[in-house]
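*Asks:* would you be able to build a 3D model of this:
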Amino acid sequence: MNAVEEKLKKKEYRDEFVQWVKLNIAEGDFKQRACDALHLILGPNILLQCSWTGRAKVGDKIPLCKYKNIVLVIQELGGNCSDKILKDWMQLKLNHSDNLKRNKYINKSSCHKPRSSSV
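*Replies:* Modelled structure (predicted):
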């Protein structure tokens, strides 16, 4: 992750990286694009070792909030949402990332939308 963070400091590399990720994620709402980007950039094995602040119930995890360039790329790919919305969403996703290891099949998580009530 440190190597990716260092490379993303260079604007031309970051722009090229964002274009590559955009080609590999599906269109949709902010949460789905950001979810796809998170899985593509970090992968399920690294996601299991991350939390937003680095704190965990047992031991320590990698604090994703310290990787500003990775967070910036995810925010840009998600659709330039506010910092608070991104932080809240990332905390939720990272808190539930341990569900990945419990899955029998290696599936990425998806963002669920409440059904609209049409009367």
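*Asks:* tell me which residue lies nearest the centroid of this structure.
*Replies:* The residue lying closest to the centre of the chain (C-alpha atoms, centre = their mean) is residue 38, at 2.8 Å.
*Asks:* do you know how far that one is from residue 2?
*Replies:* Going from residue 38 to residue 2 by C-beta to C-beta, to the nearest Å gives 18 Å. The way it works is simple: take the backbone N, C-alpha and C, and place the C-beta from them, glycine included.
*Asks:* can you check residue 99 too?
*Replies:* Distance from residue 99 to residue 2, counting by C-beta to C-beta: 26 Å.
*Asks:* rewinding a little: is the residue nearest to the centre of the chain in a helix, a strand, or coil?
*Replies:* Look at residue 38: counting by DSSP: H, G, I helix; E, B strand; the rest coil, its state is helix.
*Asks:* my read: it touches residue 44, true?
*Replies:* No - contact criterion C-beta atoms under 8 Å: residue 38 and residue 44 do not qualify, at 10.1 Å.
*Asks:* what sits against residue 47?
*Replies:* The contact partners of residue 47, by C-beta atoms under 8 Å, 6 or more residues apart in numbering, come to 38-39, 94, 97, 100.
*Asks:* follow-up on the earlier one: excluding covalently adjacent residues, which one is nearest to the residue nearest to the centre of the chain?
*Replies:* What sits nearest to residue 38 in space, not counting adjacent residues and going by C-beta to C-beta, 6 or more residues apart in numbering, is residue 74, at 5.9 Å.
*Asks:* please identify the helix or strand for that neighbour.
*Replies:* In this assignment (DSSP states H and E), residue 74 forms part of helix 68-78.
*Asks:* what sits up against the next helix or strand after that helix?
*Replies:* Downstream of helix 68-78, the first helix or strand assigned by DSSP H and E is helix 83-95. Residues external to helix 83-95 that are found in contact with it (C-beta under 8 Å, 6+ apart): 30-31, 34-35, 38, 47, 50-52, 64-65, 71, 74-75, 78, 109.
*Asks:* no further queries at this time; thank you.
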